[in-house]
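Enquirer: Any chance you could fold what I've pasted below:
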Amino acid sequence: MIADARRLFARLERLGPALGARASLDPSRARAPLPVELAARLMEGEEARRRAFAEGLADVVGVLVEDFPDNIFWDLDYLACCLWKAGGADEMRAFAGRVAALCRGFGNKSELRFRYAHDFLFGYDWARWVAREPGERAGIGPFDPAFLDYLETRLQELRDLISDHDTKYGPLEGRTFRNPFSFRREPRDEARLHQVLAREELIPVKAWRLDGERRWDLPFTELRAEVAERLGLAREDAS
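Expert: Below is the predicted model of the structure:
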């Protein structure tokens, strides 16, 4: 049993260097915590749950590393906490499997080919979804099953748009990343923009907190675009 626990922690430890500088949007810390540090903070109690959590967290972080290698901000505290609170061992495995599959679906090896996981981790996709029907969705969190249901449906919709050569979501050429937004998302631009957004309290989900303090009741997508324009990051080729 002890050897098994060591093996699980060793897997999490091996993932740490792959997160690079582990930038964080939390102004109170220099770096985001390592996956193994999150596990040590959250895991307690029943062995089966601890094993499922460690395996699930390693699976999710592993996919994020592989499919979003350019990701900058690695605040995984809230996501890890949601995994821990998903329920028993079977529920945690199911949760991790769904999150990992979504990351595969939207990542750099897919036809969607988004560059960062920031919109998912920090709640921009979620806040936009809640704002469309707040009476029905305000109580649903960014990693709750109902929102993951939506993302799975949306993933297939986007794949269909690509197949149909949609004007906004058509096939990409070469190794370019998809950017349907009105502002540039090169790494330096992305880091600067989101650091300013964090300072101005314009991040929908504070993913660096275990409780994931969140709000949806601001037009975060539009506000992000306005801040980007203010910073001189508007795309000249944006329609």
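Enquirer: and the closest residue to Leu197 other than its chain neighbours, how many residues sit next to it?
Expert: Excluding the flanking residues, the one nearest Leu197 by Cβ to Cβ, 6 or more residues apart in numbering is Ile203, at 5.5 Å. Any C-beta I mention is one placed from the backbone N, CA and C, and that applies to glycine too. By other Cβ atoms under 10 Å, 25 other residues sit near Ile203.
Enquirer: Please name the residues that touch the most centrally placed residue in the chain.
Expert: Centroid-nearest residue in the chain, with Cα atoms, centre = their mean: Leu121, separated by 2.7 Å. Contacts for Leu121 were tallied using Cβ atoms under 8 Å, 6 or more residues apart in numbering; they are 73, 75-76, 79, 205, 207.
Enquirer: Repeat the analysis, applying 10 Å as the threshold.
Expert: Residues near Leu121 by Cβ atoms under 10 Å, 6 or more residues apart in numbering: 25, 64, 68, 71, 73-76, 78-79, 103, 142-143, 205, 207-208, 212.
Enquirer: phi, psi of it?
Expert: Dihedral angles of Leu121 (phi, psi; degrees, to the nearest 10) stand at phi -70, psi -40.
Enquirer: before we move on, what about Val205?
Expert: According to degrees, to the nearest 10, the main-chain angles of Val205 amount to phi -120, psi 120.
Enquirer: Now do the contacts for the residue lying closest to it once chain neighbours are set aside.
Expert: Take Val205 and drop its neighbours on the chain: the residue closest to it by Cβ to Cβ, 6+ apart is Gly123, 3.0 Å away. Contacts of Gly123 were listed using Cβ under 10 Å, 6+ apart, and they are 78, 129-130, 141-143, 147, 203-207, 212, 214-216, 220.
Enquirer: circling back: keep only those of the contacts of Leu121 that are in strands.
Expert: Of the positions in the contacts of Leu121, not one sits in strands, assigned by DSSP state E.
Enquirer: For burial, what's the neighbour tally of Lys97?
Expert: Wrong residue type there; residue 97 is Gly, not Lys. When neighbours are counted by other Cβ under 10 Å, Gly97 registers 13.
Enquirer: Check which helices and strands the top helix by length along the chain is in contact with.
Expert: Longest helix in the chain by number of residues (criterion: DSSP state H): helix 47-67. Where contact means 3 or more Cβ pairs under 10 Å, 6 or more residues apart in numbering; DSSP states H and E, helix 47-67 is packed against helix 2-15, helix 35-42, helix 77-84, helix 89-106.
Enquirer: of all those helices, which lies closest to Val60?
Expert: helix 89-106 (5.2 Å; Cβ to Cβ).
Enquirer: Do me a favour and average the pLDDT over that closest one.
Expert: Helix 89-106 shows a mean pLDDT of 98.
Enquirer: Kindly report the same for stretch 159-171.
Expert: Taken as a whole, stretch 159-171 carries a mean pLDDT of 95.
Enquirer: where does that stretch sit relative to the chain's centre, distance-wise?
Expert: With Cα atoms, centre = their mean, to the nearest Å as the basis, stretch 159-171 stands 23 Å off its chain's centre.
Enquirer: Just the terminal-to-terminal distance for it.
Expert: The separation between the terminal residues of stretch 159-171, taken as Cα to Cα, to the nearest Å, is 9 Å.
Enquirer: buried set for that stretch?
Expert: The neighbour-count check on stretch 159-171 (16 or more other Cβ atoms under 10 Å) flags 162, 169 as buried.
Enquirer: What of stretch 11-30?
Expert: 11-13, 15-16, 19, 22-26.
Enquirer: Please apply the same query to stretch 42-57.
Expert: 42-43, 49-57.
Enquirer: Using CSV, list the CA coordinates for it.
Expert: The C-alpha trace of stretch 42-57 is given here as CSV (Å, rounded to 0.1, in the frame of the first residue of the first chain):
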residue,chain,number,x,y,z
LEU,A,42,-6.3,17.9,-0.3
MET,A,43,-5.9,14.1,0.2
GLU,A,44,-6.9,12.6,3.5
GLY,A,45,-9.0,9.7,4.7
GLU,A,46,-10.0,6.6,2.7
GLU,A,47,-7.3,5.0,0.7
ALA,A,48,-9.5,4.2,-2.4
ARG,A,49,-10.5,7.9,-2.7
ARG,A,50,-6.9,9.1,-2.2
ARG,A,51,-5.7,6.7,-5.0
ALA,A,52,-8.5,7.8,-7.3
PHE,A,53,-7.8,11.4,-6.7
ALA,A,54,-4.1,11.1,-7.3
GLU,A,55,-4.6,9.1,-10.5
GLY,A,56,-7.3,11.5,-11.7
LEU,A,57,-5.3,14.6,-11.0
